[in-house]
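Q: Got a predicted structure plus its sequence, pasted below:
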Amino acid sequence: MKRLILYTTLALAQLSFWHHDALALKYSSVASGSFSSAATWLGGSIPPVNFNAGDTIIIDNGHNVILDQDITLTHTLAQLDVRGILRSSGSEYINFNGSGILSVSGTLDIDSIAFVNVTNANITGQCTIKKVRCLIFSASGSGTFTVTERLHVYGSISNTGGNTISLAPNTEIYMLGGEIIPTGTGIFTLPNSYDVIYTNSAHVKPTGIEATGTGLRHVTVSLLSDTSELKLGAGLELNNGTLNLVKGILALNNHDLRFGSNGDLSAAGAGKIKTTSASDIEVNVTNSLSGQLTFSANGNTVGDFIVNCGGPVKLGTALKVTGKVDLQNGKLDVQGNKLSLITGATINGADANKYIITGTGGTLSADIGSGTSFTYHVGTAAQYAPCVITSNNNTVYNGLNVGVNPGVKVFGTSGNDMAATQPMVNATWFVTHSNPVVDIDMELMWHASMEVNSFDRGNAFISHLMGNYWDKDADKAATLNANGLYALKRAGIKSLSPFAIFDKNTVDVANPAAKEEPAIYPNPAGETLYIRWDSTGTGIIVNSTGQVVKHLFLQKGENIIDIGALQPGVYYLGLSNESTNRGHRFVRQ
């Protein structure tokens, strides 16, 4: 009985094999002609639109078959064997929608082809395809596989043998989360001009050889979301094309980004750049970039930032530099953003033609060591107007910010522009720091063309906005520096706000010496602080981190202030009335 069951099982297995083999059909060409013509095929049997498992279609030697219909090889081991010539008549395609087999020893010249899982294409002849889409495609052999219009890579494309996969000039490569793998002895060649578009799918793997060819022209990053990332696998250099950041984040991934002579950055799109101090950015273009460099909030630090162009390079967000800002030619326009020089970073090459433009709200931030000076190479869009800050009394100022804008408003940032009618330098320097109490010296510089309304540089001074008025300092003559700029200095500045340069004839400038100074005592103080002032007004007490810890309302005469809740330390007392601001320092014991 057991022997009968065994024989029956073997017989059924053999029958199943014969049945499967019987379903696998072979279609061979016997003449040149149309793919859909019975005269082209052996026995007049036209190949189906959808191939079954194991089906084979052979374009035999010497035959030129015109593909006039779309065909799909859906099942495992379905095979297309081109020994002669197979050409499409128009937009016909071949779809390998499974683990099919492609063998080309002759010529395959068609509009488009799709590979889902073709892992061992044997190409010893010549393939010329306009459009190729591949999830997995691996080729071997000694032939050539040329894409002439578009290559879409969802998974991987590789050449493991001695064949050559190449792209024709002006081809577009669409990277949809896949990679191009040059393996074995195969060759992957890029043309003298081509574009790469990274789009749609999540890009787990960094960019590959598609982004390193000398013929690289336009690069587009258009990902699924604003937070999707594309990581560079090597430095990206655009010498003859445009970087289009449409959507998502281009992560430099410790590599450099360089714009060459004819490179550009598109002004359209909402994409951002993510970088660290391990990456440099170089703008080395003949004219200027059309767009602005915009960085992600958690990736806005670079090592070196090199500017060498015919126009300004614009920042669309804040940027930190740990190495140097190298101004070889042209200007860096931060617009309304902050450019921060991290401790030890420098600005090289700055002069009247090469400097940092700070727009409204824009600043250059730097660290100033104890007893040292730092030159802020800032200016307006039209003129270079640097500022030198010197620290006094062994104080370190990390992140002290300076920006300069044209015009001098009555209230610093609002009111009429006094530069329209008053003698002065047509600029306002905005100096800020996290600690409102400072001890610094300041030198401001300007070009003669910035002087307006018969400004007298022989009797001029740096004015400091104190609340609602610009103060008066001693008149002095400006000096002419070696850089061709005029300069004035002011020592012992104790608080920060806008600064401007007036002369002795500028009106509506108050003299703080004529105002009665408030008396603050005792200092150091215990739990009570006394303020005597011949005025009513308001005040604030600020701790050493810049936090307001108490608001005050002051009456004329003596005011008793309870400071028992304050922790021991140094505090800043700011007092204001309708005509003046005062700043004092006191110690809570």
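A: Now that the structure is in, tell me what you want to look at. Numbering: from 1, shown residues only.
Q: Per-residue pLDDT of the residue lying closest to M424 once chain neighbours are set aside, please?
A: Nearest residue to M424, sequence neighbours excluded (C-beta to C-beta, 6 or more residues apart in numbering): F502, at 4.9 Å. No exception for glycine: its C-beta is placed from N, CA and C like everyone else's. Here the pLDDT value assigned to F502 is 97.
Q: helix or strand for F502, which one?
A: Here F502 sits within strand 498-503, counting by DSSP states H and E.
Q: Give me the helices and strands touching that strand, please.
A: strand 424-425, strand 428-432, strand 437-446, strand 460-466 (3 or more C-beta pairs under 8 Å, 6 or more residues apart in numbering; DSSP states H and E).
Q: Tell me which of those sits nearest to V321.
A: strand 428-432 (19.1 Å; C-beta to C-beta).
Q: Just the CA trace of the strand holding F502, in CSV.
A: Written as CSV, here are the backbone C-alpha positions of strand 498-503 (Å, rounded to 0.1, in the frame of the first residue of the first chain):
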residue,chain,number,x,y,z
PRO,A,498,21.3,102.6,18.6
PHE,A,499,24.3,104.8,17.9
ALA,A,500,24.8,107.6,15.3
ILE,A,501,27.3,110.3,14.3
PHE,A,502,26.2,113.9,14.7
ASP,A,503,28.1,117.2,14.6
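Q: Give me the distance from that strand to the chain's centre.
A: The chain centroid and the centroid of strand 498-503 are separated by 37 Å under C-alpha atoms, centre = their mean, to the nearest Å.
Q: contacts for that strand?
A: Applying C-beta atoms under 8 Å, 6 or more residues apart in numbering, the contact partners of strand 498-503 are 408, 412-413, 422-425, 427-431, 442, 444, 446, 455-457, 459-465, 470, 475, 488, 509.
Q: filter these to the buried ones?
A: Buried by 16 or more other C-beta atoms under 10 Å: 408, 412, 422-425, 427-431, 442, 444, 446, 455-457, 459-465, 470, 488, 509, out of the contacts of strand 498-503.
Q: Just the mean pLDDT for stretch 229-237, thanks.
A: On average, stretch 229-237 scores 97.
Q: in this structure, which ranges drop under the pLDDT threshold?
A: 1-23, 184-185, 436, 467-468, 508-516 (pLDDT under 70).
Q: so what are the domain limits for it?
A: For the chain, automatic domain parsing gives the domain ranges 22-191, 224-348, 350-354+361-514, 516-588.
Q: quick one: the first one to chain centroid distance?
A: From the chain centre to the centre of domain 22-191 is a distance of 40 Å (C-alpha atoms, centre = their mean).
Q: can you give me the helices for the protein?
A: 2-23 (DSSP state H).
Q: Would you point out which residue is most central in it?
A: Closest to where the C-alpha atoms of the chain average out (C-alpha atoms, centre = their mean) is I273, at 2.6 Å.
Q: got the contact list for that one?
A: Counting by C-beta under 8 Å, 6+ apart, I273 has contacts L245, I249, L250, L252, L257, L293, T294, F295, S296, G299.
Q: measure G248 to S201 for me?
A: Note on G248: its distance to S201, by C-beta to C-beta, to the nearest Å, is 11 Å.
Q: So for the two, which sits in the more crowded spot?
A: Shown here are G248 and S201; by other C-beta atoms under 10 Å, G248 has more neighbours (24 against 15).
Q: Ignoring the adjacent residues along the chain, who's closest to that one?
A: Closest to G248 by C-beta to C-beta, 6+ apart is L223, at 2.9 Å.
Q: I'd guessed the one you found sits against K247; true?
A: Yes. At 5.5 Å, L223 counts as touching K247 under the criterion of C-beta atoms under 8 Å.
Q: Which residues are in contact with A427?
A: Per C-beta under 8 Å, 6+ apart, neighbours of A427: T380, Q383, A385, V404, N405, P406, G407, V408, W446, M450, A500, I501.
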